[in-house]
Every structure is written in structure tokens, then in C-alpha cells.
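>>> Predicted model follows, preceded by the sequence.
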Amino acid sequence: MMKEFHALTIEEVEESIDRLKAEGLLLEEMVSIAEADVLRCRFLGRRINIKIDLAYGAEIDPVDSFSSQEIDEISNLILAKL
């Protein structure tokens, strides 16, 4: 059974992003804030943050403009590369 996106760990997300360079998802920086780890990324040139919160799990937080369909596509790409 496939894991749900919000249940991913920071390690799983990082590994998936490493495998997604050819699809246009690049990790630029990882930062830690009090409540979460944040992976600052670019998807096809546009900025997104992937936050992994210990209480709420993983979520995609777009910095630039993304449609909900594009956000779903990104999360499905990450899940597919686990």
C-alpha cells in the first residue's frame, strides 16, 4: 500500500527529490525552524517549500504560483520515487 504524502519523513522526501532531478524538482536548501524542517525547492524553475512538521506531517507550500493540480502532481512524483 502506498504511503500518504503527509506521512513521509524528511529522509524519504530528500531521497525522492534526489531521484527527481530529471523531472525538474531540485532541492536548493534545507532549513530547520522551531516547528518543522523545510526543504526549499524549485519545480520547473518555480519555488516551492516542502515542510515536514513533527505534529502535522509533510505538506507542500508553494512560494510561487501553482495550481492545485500541479501541487498534486508534485506530491505524486515524490511518492512514486519512494
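Received it, and whenever you're ready, just let me know what you need. Note that this is a predicted model, so its numbers are computed, not measured.
>>> name the element the residue nearest the centre of the chain belongs to?
Among the residues of the chain, the one closest to the centroid is residue 50, at 3.9 Å (C-alpha atoms, centre = their mean). Using DSSP states H and E, residue 50 sits in strand 46-53.
>>> so after that strand, what's the next helix or strand?
Immediately after strand 46-53, counting by DSSP H and E, sits strand 57-62.
>>> how many degrees apart are that next one and strand 46-53 in direction?
Counting by axes from the mean of the first three to the mean of the last three C-alpha atoms, to 10 degrees, strand 57-62 lies at 160 degrees to strand 46-53.
>>> Quick check: buried residues in strand 57-62?
58-60, 62 (16 or more other C-beta atoms under 10 Å). The way it works is simple: take the backbone N, C-alpha and C, and place the C-beta from them, glycine included.
>>> Closest one of these to residue 18?
Distance to residue 18, by C-beta to C-beta, is smallest for residue 58 among those, at 15.9 Å.
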